[in-house]
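*Asks:* Coordinates for the following, if possible.
(2 chains)
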Amino acid sequence: MRIWIEQQRALIDFTLASLARRKAKNLGLLAVYTLLVFVLASVTLFSHALRHEATRVLADSPELILQRMVAGRHDLIPPGYLDKIGKIRGVQKMEGRLWGYYYDPVIKANYTFMAPTAGDVERGTIVIGSGLERIRGLTQETGISFRAYSGKLYSFIVADILPHDSELISADLVLMHADDFRDFFGFPAGHYTDITLSVANPQEVRNVAAKLAAALPDSRPILREEVLRTYASIFDWREGIVLAILSGAILAFAILAWDKAAGLSAEEKREIGILKAIGWETGDVIRMKLWEGVLISLTAFLLGYLAAYLHVFYAGGILFEPVLKGWSVLYPRFQLTPEIDGLAVVTLGFFTVIPYTAAVLVPIWRAATTDPDAAMRS
Amino acid sequence: MIELADVRKVFNQGQHNEFRALDGINLSIEANRVTAICGPSGSGKTTLLTLIGCLARPTSGRARFKGEDISGLPERFLTQLRRRSFGFVFQQFNLIRGLSAEENVMLPAAPCGRPQHEVRAKAAMLLDQLQLAHRRDAKVEWLSGGEQQRVAIARALINDPEVLIADEPTANLDTTLAREFLAILDGFASAGRTVILSSHDPLVIQSAAVHRVINMRDGRIVAA
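*Replies:* Next up is the predicted model:
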């Protein structure tokens, strides 16, 4: 084992000394390679962290949401629906929710108005999200007026501002008393926007949804896992768009790397002949080249991945933020929680380290099997 | 130490450009002596050295090293034997450009698995013996012809071989440097090494450092 370690040490020493001879060329290659890994890793880390964030945020969301549909469009839940649901076995808890969208022509953005079921917002006051606080310059005790769709002006006092760490989902949120909500939107008494349900046994969620669909045929049950899947699809789609745009750059690098790795110069061939003549076996030459491929690609992978980690989790993924996060007037400001997907790391590592190393080995195989006496005749 | 019996080497056998480089060589080379193989260009000197040094196998005939038949050894064993027992000084020195003198000297030891510090110390000692200690970190392309040859000699000796093989070692040296080289060879023989070299340089052939001269022509030994 010790002999093997010493052999590898000597081969690595030679490989490093050999690479240092073409410093500019190899550093250039390393830089481009690192940049490529950085971009790919940034996209995957960013998307994965967003997916993770969405999953974390939605973990506390209701298991089932029931919406009523009229002509394929979302409509209000009329009175009596809550009573009908109460008769379905497996439903542990249900609540009618009041929420809706309000377009603010001042900043040309949509707010989400909502009446919390706990009812801890007093009449005439509102609690707002951080995005609204920022964009309208609101603070506690400030007054603000909204013109309802009926044309009537309503004034509210800002009672509180929602915590910043919930900004991903609360940037555009305005919480108000249920009666204020009904007055503002002209919501008829006993009507709700939708109904949330908790199911005692998580395994029974699908069965309960099926029963709901049967009992209330004009309604649509939405499962939490469906919402999560939709979020995942959105982020996958965005990730795909970025990767598609980058595919040209990836291909260009692949050609560059292949050309560098696969082409063996006359000088390199001569050197292999010398090494064989002075006692290196074919296997030693291949091992040396293998180290060259591994050292370049692994260094690029580690540097690129580290840079991507810092970029995504400490610099807010500034380069890909607009395309991966989406765009909005009320843009949420949030810090992603560092989150690494082991499988994604292994996949990226595999597709960056292995092809280059293999490309390095292909031509060397033939060159390394040349007769050692060639050196004597050069 | 080295025996060749009816050795032939044919290149491109069976093709229109078939070339018979060695034809029926019978030769015995003694240990601890300096043997020179001389002859005109194309006489088969270099081919003979490649067979003796395990760089190639004969087309037919037997080659023995210390009594062991090496003519049929697979490449792997031939390489191990070459690494352990032979050191080479090539006509063009064949140093690797861009590497320092010390790095070049250490190269043949890389596959051996000897501790790096030990190899480095040995390289330093050899460069010191060959009066090149002050040039150990210099890139080989910055060295003079004589210095490059001494680096090549140090490289040939790093694995402590029993036999040193030198192909036309003085071809690129002036008279002074050629004499210096012969003095070094003399020292090797005294130290118990076997030296085999090819040359058509009269300075080498007539040198007192050379104990035996083998004359070749057209792939055959004409006088030994």
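
*Asks:* What sits closest to residue B:140 if chain neighbours are left out?
*Replies:* residue B:95 (4.3 Å; Cβ to Cβ, 6 or more residues apart in numbering or on different chains). Any C-beta I mention is one placed from the backbone N, CA and C, and that applies to glycine too.

*Asks:* Can I take it that the one you found is in a strand?
*Replies:* No: looking at residue B:95 with DSSP: H, G, I helix; E, B strand; the rest coil, it is coil, so not inside a strand.

*Asks:* what residues are up against it?
*Replies:* The neighbourhood of residue B:95, defined by Cβ atoms under 8 Å, 6 or more residues apart in numbering or on different chains, consists of A:274, B:104, B:140, B:148, B:151, B:152, B:155.

*Asks:* Mark which of the residues you listed are buried, thanks.
*Replies:* Buried positions within these, assessed by neighbour count (16 or more other Cβ atoms under 10 Å in any protein chain shown), are A:274, B:104, B:140, B:148, B:151, B:152, B:155.

*Asks:* From these, which land in helices?
*Replies:* Applying DSSP state H to the buried ones among the contacts of residue B:95, the entries found in helices are A:274, B:104, B:148, B:151, B:152, B:155.

*Asks:* what does chain A put close to chain B?
*Replies:* A:2-4, A:6-7, A:9-11, A:13-14, A:17-18, A:20-22, A:267, A:271, A:274-282, A:284, A:371-373, A:375-378 (Cβ under 8 Å from any Cβ of the partner chain).

*Asks:* ok, residue A:174 touching residue A:126?
*Replies:* Yes: applying Cβ atoms under 8 Å as the test, residue A:174 and residue A:126 come out as touching, 5.4 Å apart.

*Asks:* which SS class is residue 31?
*Replies:* Going with chain A. Here residue A:31 takes the helix state, with states given by three-state DSSP.

*Asks:* looking at chain B here, not the other one
*Replies:* What three-state DSSP gives for residue B:31 is coil.

*Asks:* Give me every residue in chain B lying close to chain A.
*Replies:* So chain B meets chain A at B:46, B:49-50, B:55-56, B:75-76, B:79-80, B:82-83, B:88, B:90, B:92, B:94-100, B:103, B:106-116, B:119, B:155-156, B:159, B:167 (Cβ under 8 Å from any Cβ).

*Asks:* From residue A:269, how far out is the residue nearest in space to the middle of chain A?
*Replies:* For chain A, residue A:47 is the residue whose C-alpha lies nearest the centre (Cα atoms, centre = their mean; 1.4 Å). The gap separating residue A:47 from residue A:269 is 44 Å, by Cβ to Cβ, to the nearest Å.

*Asks:* likewise residue B:188?
*Replies:* As judged by Cβ to Cβ, residue B:188 and residue A:269 stand 32 Å apart.

*Asks:* next helix or strand past the lengthiest strand in chain A?
*Replies:* In chain A, ranked by residue count with DSSP state E as the criterion, the top strand is strand A:91-104. Proceeding N to C from strand A:91-104, the next assigned helix or strand is strand A:109-115, under DSSP states H and E.

*Asks:* Other residues contacting the lengthiest helix in chain B?
*Replies:* For chain B, the longest helix by residue count, based on DSSP H, is helix B:175-190. Here helix B:175-190 makes contact (Cβ under 8 Å, 6+ apart) with B:32-34, B:130, B:145-146, B:149-150, B:153, B:164, B:166, B:169-170, B:173, B:195, B:197, B:201, B:203-204, B:207-211.

*Asks:* do that again at 6 Å, thanks
*Replies:* Residues outside helix B:175-190 that contact it (Cβ atoms under 6 Å, 6 or more residues apart in numbering or on different chains): B:34, B:146, B:164, B:169, B:170, B:195, B:203, B:207, B:209.

*Asks:* same check, this time on stretch B:32-46
*Replies:* Residues external to stretch B:32-46 that are found in contact with it (Cβ under 6 Å, 6+ apart): A:376, B:21-22, B:29, B:167, B:185, B:189, B:192, B:194-200, B:204-205, B:209-217, B:219.

*Asks:* Centre of the chain to it, how far?
*Replies:* For stretch B:32-46, the gap between its own C-alpha mean and the chain's C-alpha mean amounts to 11 Å (Cα atoms, centre = their mean, to the nearest Å).

*Asks:* next one: stretch B:70-89
*Replies:* Distance of stretch B:70-89 from the chain centroid (Cα atoms, centre = their mean) equals 13 Å.

*Asks:* in the stretch 51-200 of chain A, what residue is nearest chain B?
*Replies:* Nearest residue of the stretch 51-200 of chain A to chain B (Cβ to the nearest Cβ) works out as residue A:52 at 45.8 Å.
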